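Engineer: Please work out how this folds:
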Amino acid sequence: MFSSIKLNYTLVQKKGQNYSGLVVACHLQAKVKDQPKTYDWMAKVPLDDPTKFNWLRITQREEKELGFYQDVIPALKDFITQKGSAIQLSFCPFVYGEFNKDIPKEKVVQSSMIIMEHLSPLGFMEPVNKKSGLDLDHAKLAIKSLGEFHAASHAFYNAKYGDLENILEKDHIQTNDFIPEIIAHFNDKQTNRIYQTLTYVGVNGHKYVESYKQFAKDVVNPLKLRDQLSNPKVCEFNVLCHGDPWFNNMLFKYDGQKPIVVCLLDSSPTID
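Structural biologist: Numbers count the residues shown, from 1 in each chain. Purely as a prediction, here's the structure:
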């Protein structure tokens with residue numbers, strides 16, 4: 001028996017800090033089987049912006065993120081335990097999630113929700129001196145955590161399927177490669193930005209634009225080359241990646257001024 005007593009919530013991100021979602025801190029006081037309980041959670045929902053709806057659906061961002069926390073992470077943890085490994089995956093503890101596929105774009109804010117543990121009461125905080133970037137101690141923790149995740153994912157999928165061939169066609173989180181559907185749109189915008197930037201390079205800026213166009217035509221188009229290098233091929237699965245591992249998606253525990261534990265947030269799972 002669960003009954004809510006009091007719920008307080010606070011928007012923890014300013015407008016524009018997150019491209020696709022809103023993050024809300026929730027403090028819940030409740031009774032569970034007549035016993036008082038306190039819960040501190042972070043809830044993530046899509047922005048209340050119908051113009052982002054098609055992007056969310058094409059990229060399947062909501063399904064992938066929810067599937068990552070709800071299915072992939074538990075499977076990886078079970079695999080690590082079975083193998084007797086000391087690896088500790090450093091992702092934020094998952095509480096609850098839902099995805100509503102058949103919802104109109106006008107109600108995009110209601111299309112999905114992911115609830116995680118609020119890490120601040122557990123002793124985690126943003127990197128000290130974040131504006132200066134991560135120093136060596138922070139970077140070593142982050143790289144070790146990401147490396148262990150990469151290694152675990154490689155071993156898990158290899159054991160699950162017997163080999164890594166055609167894994168993109170076998171596993172749900174890998175199967176829907178959205179890049180070809182949206183990359184042309186983003187490339188057109190980025191090309192125009194490049195042209196615009198080059199025109200600002202002194203009085204001869206227009207000449208740099210023409211040189212860039214000629215280079216892209218006769219030698220290599222930098223954007224197409226980038227796409228070729230970043231777009232995975234069916235038989236070349238290597239590891240699962242976090243997808244967005246910059247310091248805004250990391251929290252740390254400290255012993256004095258020294259970081260001792262990292263927790264990774266806001267994963268946008270990709271493959272490499």
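
Engineer: need the strands for the stretch 101-250 of the chain, in chain order.
Structural biologist: Counting by DSSP state E, counting those that start in this stretch, the stretch 101-250 of the chain has strands at residues 112-117, 240-241, 250-255.

Engineer: Worst mean pLDDT among the ones you listed?
Structural biologist: Mean pLDDT per stretch puts strand 240-241 lowest among the strands of the stretch 101-250 of the chain, at a mean of 83.

Engineer: residue boundaries of the helices in the stretch 151-272 of the chain?
Structural biologist: For the stretch 151-272 of the chain, applying DSSP state H, counting those that start in this stretch gives helices covering 172-175, 179-199, 205-218, 222-230.

Engineer: So which of those is the most surrounded?
Structural biologist: Mean neighbour counts were taken over the helices of the stretch 151-272 of the chain using mean count of other C-beta atoms under 10 Å, and the top value, a mean of 15, falls to helix 172-175. For glycine as for every other residue, the C-beta is placed from the backbone atoms N, C-alpha and C.

Engineer: So for that one, mean pLDDT?
Structural biologist: pLDDT averaged over helix 172-175 gives 52.

Engineer: and if you look at stretch 121-139?
Structural biologist: For stretch 121-139, the per-residue pLDDT averages 87.

Engineer: and what of stretch 144-159?
Structural biologist: Averaged over stretch 144-159, pLDDT sits at 91.

Engineer: So what touches stretch 63-78?
Structural biologist: The contact list for stretch 63-78, computed with C-beta atoms under 8 Å, 6 or more residues apart in numbering, reads 89, 91, 94, 97-99, 112, 114, 116, 149, 152-153, 156, 172-173, 176, 240, 267-269.

Engineer: same question but for stretch 105-122, I mixed them up
Structural biologist: Outside stretch 105-122, the residues that touch it by C-beta under 8 Å, 6+ apart are 22, 25-27, 40-50, 52-54, 56, 62, 65-66, 69, 92-101, 103, 251, 263, 265.

Engineer: Same question for stretch 201-211.
Structural biologist: Residues from elsewhere that reach stretch 201-211 (C-beta under 8 Å, 6+ apart): Tyr195, Leu198, Thr199.

Engineer: How about the contacts made by the second one?
Structural biologist: Contacts here follow C-beta under 8 Å, 6+ apart; on that basis Leu198 touches Gly205, Tyr208, Val209, Tyr212.

Engineer: Quickly check these for the two that are furthest apart.
Structural biologist: Farthest apart among those by C-beta to C-beta are Gly205 and Tyr212. That separation is 10.7 Å.

Engineer: Excluding chain neighbours, what is closest to Val261?
Structural biologist: Lys253 (4.1 Å; C-beta to C-beta, 6 or more residues apart in numbering).

Engineer: I figured that neighbour hits Val128, correct?
Structural biologist: No. Using C-beta atoms under 8 Å, Lys253 is not in contact with Val128, being 11.6 Å away.

Engineer: Common neighbours of these two, please.
Structural biologist: Common neighbours of Lys253 and Val128 (criterion: C-beta under 8 Å, 6+ apart): Pro259.

Engineer: how about the helix or strand containing Asp78: buried residues?
Structural biologist: Assigned by DSSP states H and E, Asp78 belongs to helix 73-82. By neighbour count on 16 or more other C-beta atoms under 10 Å, the buried set for helix 73-82 is Ile73, Leu76, Lys77, Phe79, Ile80.
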